[in-house]
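> compute the structure for the input listed below.
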Amino acid sequence: MPYQFDLHCHSWFSGDGVSSPEALVAAAKARGLSGFAMTDHNTCDAFHYCVDHGLARRDGQPVDGFLILPGVEVSTAEGHLLCIGAVLPQMKGEPAADVARAIRAAGGLAVPAHPYDVFRAGIREDVLDTLELDALEVWNAAISFPKYNARALEYAKRRGLPMIAASDAHHDTAIGTSRMSFATEDFSVKGILAALKAGGERHEQLLSFRDKLRKTMNNWFRLRRRRTYSSPIL
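From the prediction side, this is the model:
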(Lines give C-alpha, C1' and ligand atoms only; values in the text may rest on other atoms or scores of the structure.)
Protein backbone atom coordinates (compact mmCIF):
# COMPACT_ATOMS: atom_id res chain seq x y z
CA MET A 1 0.00 0.00 0.00
CA PRO A 2 1.45 3.40 -0.95
CA TYR A 3 2.27 5.81 1.84
CA GLN A 4 0.67 9.25 1.61
CA PHE A 5 2.74 12.27 2.70
CA ASP A 6 2.36 16.05 2.75
CA LEU A 7 5.91 17.37 2.50
CA HIS A 8 5.38 21.06 3.33
CA CYS A 9 3.48 21.84 6.55
CA HIS A 10 3.60 24.57 9.19
CA SER A 11 2.54 24.57 12.83
CA TRP A 12 2.07 27.45 15.26
CA PHE A 13 5.85 27.43 15.74
CA SER A 14 5.90 29.31 12.41
CA GLY A 15 5.09 33.00 12.73
CA ASP A 16 2.18 32.59 10.30
CA GLY A 17 1.02 29.14 11.39
CA VAL A 18 -2.03 28.66 13.60
CA SER A 19 -2.35 24.96 14.50
CA SER A 20 -0.69 22.89 17.19
CA PRO A 21 1.37 19.84 16.19
CA GLU A 22 -1.31 17.67 17.79
CA ALA A 23 -4.00 19.26 15.61
CA LEU A 24 -1.90 18.72 12.47
CA VAL A 25 -1.37 15.05 13.32
CA ALA A 26 -5.07 14.50 14.02
CA ALA A 27 -6.10 16.20 10.78
CA ALA A 28 -3.50 14.33 8.74
CA LYS A 29 -4.64 10.98 10.11
CA ALA A 30 -8.28 11.86 9.44
CA ARG A 31 -7.37 12.59 5.80
CA GLY A 32 -5.59 9.28 5.34
CA LEU A 33 -2.03 10.54 5.42
CA SER A 34 0.77 8.26 6.57
CA GLY A 35 2.77 11.25 7.75
CA PHE A 36 4.01 14.71 6.89
CA ALA A 37 7.11 16.89 6.93
CA MET A 38 7.21 19.53 9.68
CA THR A 39 8.71 22.47 7.80
CA ASP A 40 8.18 25.55 9.95
CA HIS A 41 9.83 28.81 8.97
CA ASN A 42 13.41 28.99 10.27
CA THR A 43 12.87 26.74 13.27
CA CYS A 44 12.83 23.04 14.14
CA ASP A 45 11.07 23.68 17.47
CA ALA A 46 7.95 21.79 16.38
CA PHE A 47 9.86 18.61 15.63
CA HIS A 48 11.64 18.72 18.99
CA TYR A 49 8.24 19.31 20.61
CA CYS A 50 6.80 16.30 18.77
CA VAL A 51 9.63 14.05 19.94
CA ASP A 52 9.31 15.17 23.55
CA HIS A 53 5.53 14.68 23.47
CA GLY A 54 5.59 11.22 21.92
CA LEU A 55 4.48 12.17 18.41
CA ALA A 56 7.82 11.51 16.66
CA ARG A 57 11.12 9.72 17.21
CA ARG A 58 14.68 10.88 16.64
CA ASP A 59 15.66 7.49 15.20
CA GLY A 60 13.42 8.07 12.18
CA GLN A 61 10.86 5.40 13.00
CA PRO A 62 7.07 5.96 13.03
CA VAL A 63 4.94 6.36 16.14
CA ASP A 64 1.70 4.37 16.16
CA GLY A 65 1.86 3.91 12.41
CA PHE A 66 2.41 7.62 11.68
CA LEU A 67 5.67 9.27 10.60
CA ILE A 68 6.64 12.92 11.10
CA LEU A 69 9.63 13.90 9.00
CA PRO A 70 11.92 16.52 10.57
CA GLY A 71 12.45 19.61 8.49
CA VAL A 72 12.48 23.37 8.18
CA GLU A 73 11.76 26.04 5.55
CA VAL A 74 14.81 28.28 5.57
CA SER A 75 14.52 31.90 4.45
CA THR A 76 17.87 31.99 2.67
CA ALA A 77 19.41 35.14 1.26
CA GLU A 78 17.89 34.25 -2.12
CA GLY A 79 14.55 32.71 -1.13
CA HIS A 80 12.84 29.81 0.61
CA LEU A 81 14.54 26.41 0.69
CA LEU A 82 12.98 23.33 2.28
CA CYS A 83 15.05 20.95 4.32
CA ILE A 84 13.18 17.62 4.39
CA GLY A 85 14.32 14.81 6.66
CA ALA A 86 16.77 16.57 9.00
CA VAL A 87 17.02 19.31 11.59
CA LEU A 88 19.23 22.35 11.10
CA PRO A 89 20.59 25.13 13.28
CA GLN A 90 19.33 28.65 12.65
CA MET A 91 20.40 29.59 9.11
CA LYS A 92 18.00 32.41 8.22
CA GLY A 93 19.61 34.86 5.81
CA GLU A 94 22.49 32.58 4.85
CA PRO A 95 23.30 32.01 1.15
CA ALA A 96 21.14 29.33 -0.42
CA ALA A 97 24.21 27.39 -1.55
CA ASP A 98 25.50 27.19 2.03
CA VAL A 99 22.08 26.11 3.32
CA ALA A 100 21.78 23.41 0.65
CA ARG A 101 25.18 22.02 1.64
CA ALA A 102 24.22 22.07 5.31
CA ILE A 103 20.97 20.21 4.55
CA ARG A 104 22.80 17.46 2.71
CA ALA A 105 25.48 17.21 5.40
CA ALA A 106 22.71 16.72 7.98
CA GLY A 107 21.20 13.88 5.95
CA GLY A 108 18.23 15.81 4.57
CA LEU A 109 17.03 16.74 1.10
CA ALA A 110 17.33 20.27 -0.29
CA VAL A 111 14.07 21.21 -2.06
CA PRO A 112 13.27 24.79 -3.14
CA ALA A 113 9.71 25.80 -2.24
CA HIS A 114 7.47 27.62 -4.76
CA PRO A 115 10.63 28.65 -6.67
CA TYR A 116 9.01 30.92 -9.26
CA ASP A 117 6.44 32.64 -7.04
CA VAL A 118 7.50 36.30 -7.08
CA PHE A 119 5.07 37.13 -4.25
CA ARG A 120 6.36 34.46 -1.85
CA ALA A 121 10.16 34.59 -1.84
CA GLY A 122 10.77 31.81 -4.33
CA ILE A 123 14.38 31.20 -5.36
CA ARG A 124 14.91 32.53 -8.87
CA GLU A 125 16.22 30.49 -11.79
CA ASP A 126 19.66 32.10 -11.96
CA VAL A 127 20.25 30.94 -8.38
CA LEU A 128 18.58 27.54 -8.88
CA ASP A 129 21.08 26.86 -11.65
CA THR A 130 23.94 27.11 -9.14
CA LEU A 131 22.48 24.88 -6.42
CA GLU A 132 22.93 21.19 -5.70
CA LEU A 133 19.30 20.11 -5.31
CA ASP A 134 17.63 16.83 -4.41
CA ALA A 135 14.13 17.66 -5.72
CA LEU A 136 11.90 20.59 -6.62
CA GLU A 137 8.46 21.59 -5.37
CA VAL A 138 6.60 21.78 -8.68
CA TRP A 139 3.12 21.97 -7.18
CA ASN A 140 2.41 24.23 -4.21
CA ALA A 141 -1.26 24.23 -3.25
CA ALA A 142 -1.02 27.81 -1.97
CA ILE A 143 0.73 29.22 -5.06
CA SER A 144 -0.07 32.84 -5.96
CA PHE A 145 -0.81 31.98 -9.61
CA PRO A 146 -0.85 28.52 -11.27
CA LYS A 147 1.69 29.66 -13.88
CA TYR A 148 4.39 29.59 -11.20
CA ASN A 149 3.79 25.89 -10.61
CA ALA A 150 3.94 25.29 -14.36
CA ARG A 151 7.31 27.04 -14.62
CA ALA A 152 8.68 24.99 -11.73
CA LEU A 153 7.56 21.81 -13.48
CA GLU A 154 9.32 22.84 -16.68
CA TYR A 155 12.52 23.60 -14.81
CA ALA A 156 12.51 20.28 -12.93
CA LYS A 157 12.06 18.41 -16.20
CA ARG A 158 14.99 20.27 -17.77
CA ARG A 159 17.27 19.34 -14.88
CA GLY A 160 15.89 15.87 -14.37
CA LEU A 161 15.02 16.57 -10.74
CA PRO A 162 12.55 14.55 -8.67
CA MET A 163 9.31 16.50 -8.27
CA ILE A 164 7.02 16.96 -5.29
CA ALA A 165 3.54 18.33 -4.68
CA ALA A 166 2.69 19.73 -1.26
CA SER A 167 -0.01 21.73 0.47
CA ASP A 168 2.11 24.37 2.23
CA ALA A 169 -0.47 24.04 4.98
CA HIS A 170 -0.42 26.73 7.66
CA HIS A 171 -3.45 25.37 9.53
CA ASP A 172 -4.84 21.91 10.10
CA THR A 173 -7.76 22.18 7.67
CA ALA A 174 -5.34 22.55 4.74
CA ILE A 175 -3.04 19.62 5.44
CA GLY A 176 -3.11 16.96 2.75
CA THR A 177 -4.68 19.21 0.12
CA SER A 178 -1.78 18.20 -2.10
CA ARG A 179 0.36 15.20 -1.27
CA MET A 180 2.75 12.54 -2.47
CA SER A 181 2.33 8.77 -2.68
CA PHE A 182 5.40 6.60 -2.13
CA ALA A 183 5.71 2.86 -2.68
CA THR A 184 8.41 1.61 -0.31
CA GLU A 185 9.06 -1.29 2.01
CA ASP A 186 10.93 0.98 4.42
CA PHE A 187 8.42 3.09 6.37
CA SER A 188 10.96 5.33 8.08
CA VAL A 189 12.49 8.75 7.49
CA LYS A 190 15.35 7.12 5.59
CA GLY A 191 12.95 5.05 3.49
CA ILE A 192 10.67 7.94 2.59
CA LEU A 193 13.62 10.14 1.62
CA ALA A 194 14.90 7.39 -0.66
CA ALA A 195 11.44 7.00 -2.19
CA LEU A 196 11.21 10.75 -2.75
CA LYS A 197 14.50 10.77 -4.62
CA ALA A 198 13.36 7.81 -6.69
CA GLY A 199 10.20 9.70 -7.62
CA GLY A 200 6.72 9.37 -6.15
CA GLU A 201 3.23 10.02 -7.45
CA ARG A 202 1.94 13.58 -7.12
CA HIS A 203 -1.64 14.37 -6.09
CA GLU A 204 -2.21 17.98 -7.04
CA GLN A 205 -4.99 20.24 -5.79
CA LEU A 206 -5.05 23.96 -5.00
CA LEU A 207 -6.18 25.24 -1.63
CA SER A 208 -9.79 26.33 -1.46
CA PHE A 209 -10.44 30.06 -1.60
CA ARG A 210 -11.26 30.01 2.11
CA ASP A 211 -8.06 28.19 3.08
CA LYS A 212 -5.94 30.41 0.85
CA LEU A 213 -7.53 33.56 2.26
CA ARG A 214 -6.97 32.34 5.81
CA LYS A 215 -3.29 31.65 5.07
CA THR A 216 -2.86 35.08 3.48
CA MET A 217 -4.51 36.91 6.37
CA ASN A 218 -2.40 35.03 8.92
CA ASN A 219 0.72 35.90 6.96
CA TRP A 220 -0.15 39.59 6.64
CA PHE A 221 -1.36 40.31 10.14
CA ARG A 222 0.41 37.73 12.32
CA LEU A 223 -2.36 37.97 14.92
CA ARG A 224 -0.89 35.14 16.97
CA ARG A 225 2.51 35.38 18.60
CA ARG A 226 4.97 32.83 17.23
CA ARG A 227 5.56 30.11 19.78
CA THR A 228 8.97 28.77 20.74
CA TYR A 229 10.03 25.55 22.40
CA SER A 230 13.20 24.54 24.20
CA SER A 231 13.57 20.80 24.54
CA PRO A 232 14.60 19.72 28.05
CA ILE A 233 16.43 16.77 26.47
CA LEU A 234 18.68 18.59 24.03
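> show the model's pLDDT score for residue 84.
As summarised for this prediction, residue 84 has a pLDDT of 98.
> try residue 232
The predicted structure scores residue 232 at 75 on the pLDDT scale.
> give me the contacts around the helix or strand containing residue 51.
Element membership for residue 51 (DSSP states H and E) is helix 45-52. Taking Cβ atoms under 8 Å, 6 or more residues apart in numbering as the criterion, the residues outside helix 45-52 that touch it are 11, 13, 21, 25, 38, 40, 56-58, 68, 70-71, 87, 227-234. Yep, even glycine has a C-beta here, placed from its N, CA and C like the rest.
> quick one: buried residues of that helix?
Residues 45, 46, 47, 48, 49, 50, 51 are the ones in helix 45-52 that count as buried (16 or more other Cβ atoms under 10 Å).
> just the pLDDT for the last one.
In this case it means residue 51. 98.
> ok, it to residue 176 distance?
Plainly put, residue 51 is 22 Å away from residue 176 if you go by Cβ to Cβ, to the nearest Å.
> could you do the fifth one as well?
With distances taken as Cβ to Cβ, residue 49 is found 21 Å from residue 176.
> just the helices in the protein please.
With DSSP state H as the definition, the chain shows helices at residue ranges 21-30, 45-52, 96-105, 125-128, 146-159, 189-198, 209-221.
> if we go by neighbour counts, what in the fourth one is buried?
For helix 125-128, the buried set under the neighbour-count rule, 16+ other Cβ under 10 Å, comprises 127, 128.
> the nearest residue to residue 32 once chain neighbours are set aside bridge partners, please.
Using Cβ to Cβ, 6 or more residues apart in numbering and skipping the chain neighbours, the partner closest in space to residue 32 is residue 4 (5.9 Å). Partner residues in beta bridges with residue 4: residue 181, with DSSP bridges as the criterion.
> for residue 4, which residues are in contact?
Residue 4 makes contact with 32, 33, 34, 176, 179, 180, 181, 203 under the criterion Cβ under 8 Å, 6+ apart.
> check the gap between it and residue 126 for me.
35 Å.
> residues in contact with the nearest residue to residue 191 once chain neighbours are set aside?
Distances taken as Cβ to Cβ, 6+ apart place residue 184 nearest to residue 191, at 4.9 Å, with adjacent residues excluded. Taking Cβ under 8 Å, 6+ apart, we find residue 184 in contact with 3, 191, 192, 194, 195.
> what's the local residue count around the last one?
Taking other Cβ atoms under 10 Å as the neighbour definition, residue 195 ends up with a count of 22.
> that one reaches residue 183, doesn't it?
Yes - under the criterion of Cβ atoms under 8 Å, residue 195 is in contact with residue 183, at a separation of 7.0 Å.
> now do the shared contacts for those two.
Where contact means Cβ under 8 Å, 6+ apart, the residues bridging residue 195 and residue 183 through contact with each are residue 3.
> just the pLDDT at residue 15, thanks.
Reading off the model, residue 15 has pLDDT 83.
> pull the distance from the helix holding residue 51 to the chain's centre.
Centroid separation for helix 45-52 versus its chain: 15 Å, with Cα atoms, centre = their mean, to the nearest Å.
> lowest-pLDDT helix or strand in the chain?
Counting by mean pLDDT, DSSP states H and E, the weakest-scoring helix or strand in the chain turns out to be helix 209-221, with a mean of 59.
> ok, residue 165 - contacts?
For residue 165, the contact set (Cβ under 8 Å, 6+ apart) comprises 137, 138, 139, 140, 141, 178, 179, 180, 202, 203, 204.
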